[in-house]
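Colleague: sharing a sequence plus its predicted fold:
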Amino acid sequence: MDCPICRQEMPLRREYTTYNKARKPYNHKTYNCAQDDTWISVEIPEAQQELGTPSSSSPETGKDGQHTE
């Protein structure tokens, strides 16, 4: 992950998993640029991260995951 201010690589500072009420796991990653005191947190559904599939709300795919052009 690059810093949006200085464009340098931001090291991963923290990584952990949480669960929603339906017990669906979400991976959280937090990156930090010490130079600019910038923090970025990313939350990704675990199943989606493992499969590498786009989300169903992606403009390139429909609800069934098919390309929509």
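Modeller: Thanks, I have the structure now.
Colleague: where exactly do the strands run in this protein?
Modeller: In the chain, the strands defined using DSSP state E lie at 12-19, 25-33, 38-45.
Colleague: out of those strands, nearest to residue 4?
Modeller: Among the strands of the chain, strand 38-45 comes nearest to residue 4, with 6.8 Å by CB to CB. C-betas here are computed from N, CA, C, even on glycine.
Colleague: same for the closest one, what does it pack against?
Modeller: With contacts taken as 3 or more CB pairs under 8 Å, 6 or more residues apart in numbering; DSSP states H and E, strand 38-45 sits against strand 25-33.
Colleague: now with 10 Å, please.
Modeller: strand 12-19, strand 25-33, helix 46-51 (3 or more CB pairs under 10 Å, 6 or more residues apart in numbering; DSSP states H and E).
Colleague: quick one: residue 10 and residue 2 touch, right?
Modeller: Yes - with contact defined as CB atoms under 10 Å, residue 10 reaches residue 2; the gap is 6.5 Å.
Colleague: overlap in contacts, the two.
Modeller: Common contacts of residue 10 and residue 2 (CB atoms under 10 Å, 6 or more residues apart in numbering): 31, 33, 40.
Colleague: and the residues you listed, which of them are buried?
Modeller: Using 16 or more other CB atoms under 10 Å as the burial test, these include 31, 33 as buried.
Colleague: who's the closest spatial neighbour of residue 31, skipping the chain neighbours?
Modeller: Distances taken as CB to CB, 6 or more residues apart in numbering place residue 10 nearest to residue 31, at 3.9 Å, with adjacent residues excluded.
Colleague: show me what contacts the one you found?
Modeller: With contact set as CB under 10 Å, 6+ apart, residue 10 has these partners: 1-4, 30-36, 38-40.
Colleague: try 7 Å this time
Modeller: 1, 2, 3, 31, 32, 33, 40 (CB atoms under 7 Å, 6 or more residues apart in numbering).
Colleague: same question for residue 6.
Modeller: The neighbours of residue 6, taking CB under 7 Å, 6+ apart as the test, are 33, 35, 36.
Colleague: how about a cut-off of 10 Å?
Modeller: By CB under 10 Å, 6+ apart, the residues touching residue 6 are 33, 35, 36, 38.
Colleague: I'd like the distance between it and residue 13.
Modeller: In this view, residue 6 and residue 13 are 16 Å apart by CB to CB, to the nearest Å.
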